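[1] I'll drop the sequence and a predicted model, then ask my questions.
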Amino acid sequence: MAQQNIYDNEIFFEGYKKIRDNEVNANNLFEIPALFSMMPDLTGKTVLDLGCGFGEHCKRFVESGAKKVVGVDISEKMLEVAKLENSDDKIIYLNMPMEDISHLQEKFDIVISSLAFHYVEDFEGVIRNVYEMLEEKGVFIFSQENPLCTCHSGGNRWTRDENGNKIHLNLAYYGVEGERESVWFVDNVKKYHRIFSTIVNALIEAGFTIEKMIEPLPTEELLEKYPDYNELLHKPDFLLVKVRK
């Protein structure tokens with residue numbers, strides 16, 4: 001089955017890049033700090049980054065002492081930017097879907113994936129491959145859209161008061177797993193919804209020990225500065241998981 005490669009769609013790519021170029025976004029404020037708070041010491045370590053995108057994390061891993069980083073992404077457009085803006089002698093960028101990583105036939109100390117797994121249909125298969133590719137005691141850290149987000153399948157996500165303020169989240173069909181289509185810059189962006197227990201059990205069944213989970217929430221200081229993020233108190237945007245082989 002052909003994997004979705006939405007990031008090579010010109011309209012999607014430009015829209016996404018515009019968001020990431022804006023310093024104030026949910027990734028920078030919540031997901032990235034949480035991801036790096038889980039990171040072990042990278043000194044002398046080998047790192048595999050699944051869905052590496054523009055390669056900013058790969059560059060940061062090298063700056064944190066990693067001796068070798070392999071960044072894998074299905075999008076040629078993203079990797080063009082990565083090679084231009086975040087290249088280094090210690091980084092190798094590979095254009096491949098993460099479902100094919102077993103072809104690398106290589107072991108890593110740490111595997112990272114930032115906000116890519118909600119695009120992957122065969123989550124269990126990728127998890128098993130990651131387990132096989134990790135050294136003993138190796139660490140796997142990933143973030144994805146929170147299952148409270150991935151379950152959304154159309155209609156209004158929020159109930160609002162007469163002033164348009166969000167009162168609560170409209171949650172429906174959380175227990176129905178599988179493909180969802182959403183509109184994000186373009187129509188028919190495919191994501192895959194899995195409930196929390198499916199995610200956790202897939203990791204356990206692959207052989208991992210779960211060490212930490214984070215659903216980042218805004219602090220009072222952050223809400224004073226950016227009150228719109230109050231909506232995260234109803235529904236965290238992200239789920240981050242750290243496991244060990």
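    Thanks, I have the structure now. In this text the structure is predicted, and so the values were computed from the model without any measurement.

[2] going by C-alpha atoms from here, please, whenever you check contacts or count neighbours.
    Noted.

[3] just give the number of residues close to I195.
    17 (other CA atoms under 10 Å).

[4] do the one 3 residues further on as well
    For T198, the tally of surrounding residues (other CA under 10 Å) stands at 14.

[5] following the longest strand seen in the chain, which helix or strand shows up next?
    Secondary structure of the chain read by DSSP state E shows that its longest strand is strand 134-145. Heading C-terminal from strand 134-145, the first helix or strand you meet, by DSSP states H and E, is helix 147-150.

[6] so what does that following helix touch, helix or strand wise?
    strand 186-193 (3 or more CA pairs under 8 Å, 6 or more residues apart in numbering; DSSP states H and E).

[7] H103 versus D49, what's the distance?
    Between D49 and H103 the computed distance is 15 Å (CA to CA, to the nearest Å).

[8] the more surrounded of the two?
    Counted by other CA under 10 Å, D49 and H103 do not tie: D49 has more neighbours, with 24 against 9.

[9] and the more buried one, how close does it get to V111?
    Relative to V111, and taking CA to CA, D49 is found at 6 Å.

[10] on the pLDDT front, check the spatially most central residue of the chain for me.
    Nearest to the geometric centre of the chain sits L115, at 1.3 Å (CA atoms, centre = their mean). For L115, the pLDDT comes out at 93.

[11] contacts only, for it.
    Contacts for L115 (CA atoms under 8 Å, 6 or more residues apart in numbering) come out as G51, F142, S143, Q144, E145.

[12] if you set the cut-off to 6 Å instead, what comes out?
    Going by CA atoms under 6 Å, 6 or more residues apart in numbering, L115 touches S143, Q144.
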